[in-house]
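In: Kindly return the folded structure for what I paste below:
(one chain, ligands or ions: 2)
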Amino acid sequence: MIVGIVGCGAIANIITGYVLEEDSNIQLRFFYDRDLEKAENLASMADGIAVLKVEDMLDKVDLIIEAASPEAVAEIVPDILKAGKDVLIMSVGALMDKGLRSKIEDLATKNNANVYIPSGAIVGLDGIKAASIGEITSVKLVTRKPPRSLGISTDEKKLLYKGNASEAVKKFPLNINVAATLSIACDMDVEVEIIVDPKVDRNVHEITVKGDFGELKTITENVRCSLNPKTSVLAAYSAIKLLKSLSENFKVGT
Ligand SMILES: NC(=O)C1=CN([C@@H]2O[C@H](COP(=O)(O)OP(=O)(O)OC[C@H]3O[C@@H](n4cnc5c(N)ncnc54)[C@H](OP(=O)(O)O)[C@@H]3O)[C@@H](O)[C@H]2O)C=CC1
Ligand SMILES: O=C([O-])CC(=O)C(=O)O
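Out: Residues are numbered from 1 along each chain as shown. Ligands and ions are numbered 1, 2, ... in the order given. Model (predicted):
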């Protein structure tokens, strides 16, 4: 599978490092970033090609990884799908915009292309997807991050946000994509709390789901990426695992 990547920051660096060290179906060849130097640095590590615009890789790839920003989803994903190519989206918060999401779903169907959304920095999506076969009655996400991850400075633990996911992704576009992933998985605009906590040094996501299946609670205490403390290492790992699973004939989990 020939892969291009849009956004050459923390997640792209972890994916590239993995591809260089491990045997897999992922042939990472093309790199794009609005900062050409970042694309060139990763391309030279991976013996790939830095491109000046996404169109320059479109006819040469099977799949593009979006690991840039919510704006990049709106700017770039429609063209990828129009070219009939698959896309893996990390900046999932963009899809809380119902208009953009249905445009992306329609383009994927019309062009026989796939949109992949990895579980990212949370655990439990397997059970939540299974639970959605029955009735889900409530879903709540409580995210606690250290001040540096939220780009603020404070000595006090504080509730920064309480509301639904669609507003949370507008207020914290680079910090709470997981709320969008969760909302899409259970087809609800889930309840979200974001807490800044100087006492934690991990990005912590706690999910509680209730439904006719019973109740589940997951807590993920994520190590942060060295290149970007907002982002958890598990998010990059989930993208790698999803890409690897595309060529596997033996699947486990929902
Ligand atoms: N689904 C999930 O669970 C998670 C999702 N994420 C999301 O994944 C994305 C990537 O994360 P991460 O690697 O940590 O981010 P980084 O900021 O480390 O890297 C992103 C890179 O993409 C560039 N970029 C942003 N917008 C564009 C654009 N429109 N066109 C071209 N390049 C662009 C950035 O440039 P610049 O520095 O100039 O902005 C930066 O170089 C983010 O949106 C993040 O919020 C992160 C963690 C978990
Ligand atoms: O990586 C994380 O812990 C979560 C995150 O930033 C996001 O969902 O945008």
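
In: is any part of the helix or strand containing Glu71 close to ligand 2?
Out: If you go by DSSP states H and E, Glu71 is part of helix 70-82. No: judged by C-beta under 6 Å from any ligand atom, helix 70-82 stays clear of ligand 2, getting no closer than 9.6 Å. Just so you know, the C-beta spots here come from the backbone N, C-alpha and C atoms, and that holds for glycine as well.

In: Can you work out which other helices and strands pack against that helix?
Out: Judged by 3 or more C-beta pairs under 8 Å, 6 or more residues apart in numbering; DSSP states H and E, helix 70-82 is in contact with helix 55-58, strand 63-66, strand 86-89, helix 98-110.

In: Can I get those in TSV including mean neighbour count?
Out: Compiled in TSV, these are given as follows (neighbours: other C-beta atoms under 10 Å):
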stretch	mean neighbour count
helix 55-58	18
strand 63-66	25
strand 86-89	25
helix 98-110	14
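
In: quick one, phi/psi of the residue nearest to Leu88 when sequence neighbours are not counted?
Out: For Leu88, ignoring the flanking residues on the chain, the nearest one in space by C-beta to C-beta, 6 or more residues apart in numbering is Tyr116 at 4.3 Å. When read as degrees, to the nearest 10, the backbone of Tyr116 gives phi -110, psi 130.

In: correct me, but Tyr116 touches Val87?
Out: Yes: using C-beta atoms under 8 Å, Tyr116 makes contact with Val87 at a distance of 7.1 Å.

In: what's near enough to touch Arg12?
Out: To be clear, residue 12 is Ala; Arg isn't right here. 5, 31, 33, 42, 65, 67 (C-beta atoms under 8 Å, 6 or more residues apart in numbering).

In: Quick check: pLDDT value at the nearest residue to Glu156 once chain neighbours are set aside.
Out: Counting by C-beta to C-beta, 6+ apart, the nearest residue to Glu156 once its immediate chain neighbours are dropped is Pro198, at 7.1 Å. We have a pLDDT of 97 for Pro198.

In: Can you give me the distance of Pro198 to Leu150?
Out: Shown here: Pro198 relative to Leu150, a distance of 11 Å by C-beta to C-beta, to the nearest Å.

In: go on, Phe213?
Out: Note on Phe213: its distance to Leu150, by C-beta to C-beta, is 33 Å.

In: out of those two, which sits in the more crowded spot?
Out: Using other C-beta atoms under 10 Å as the criterion, Phe213 and Leu150 rank with Leu150 on top: 23 against 16.

In: So what touches the helix holding Glu71?
Out: Under the criterion C-beta under 8 Å, 6+ apart, residues 6-7, 54-55, 58, 64, 66, 68, 86-87, 89, 91, 93-95, 97, 100, 103-104, 107-108, 111, 113, 115, 169, 173 lie in contact with helix 70-82.

In: where along the stretch 101-250 of the chain do the strands fall?
Out: 115-116, 136-145, 158-164, 191-196, 203-211, 214-222 (DSSP state E, counting those that start in this stretch).
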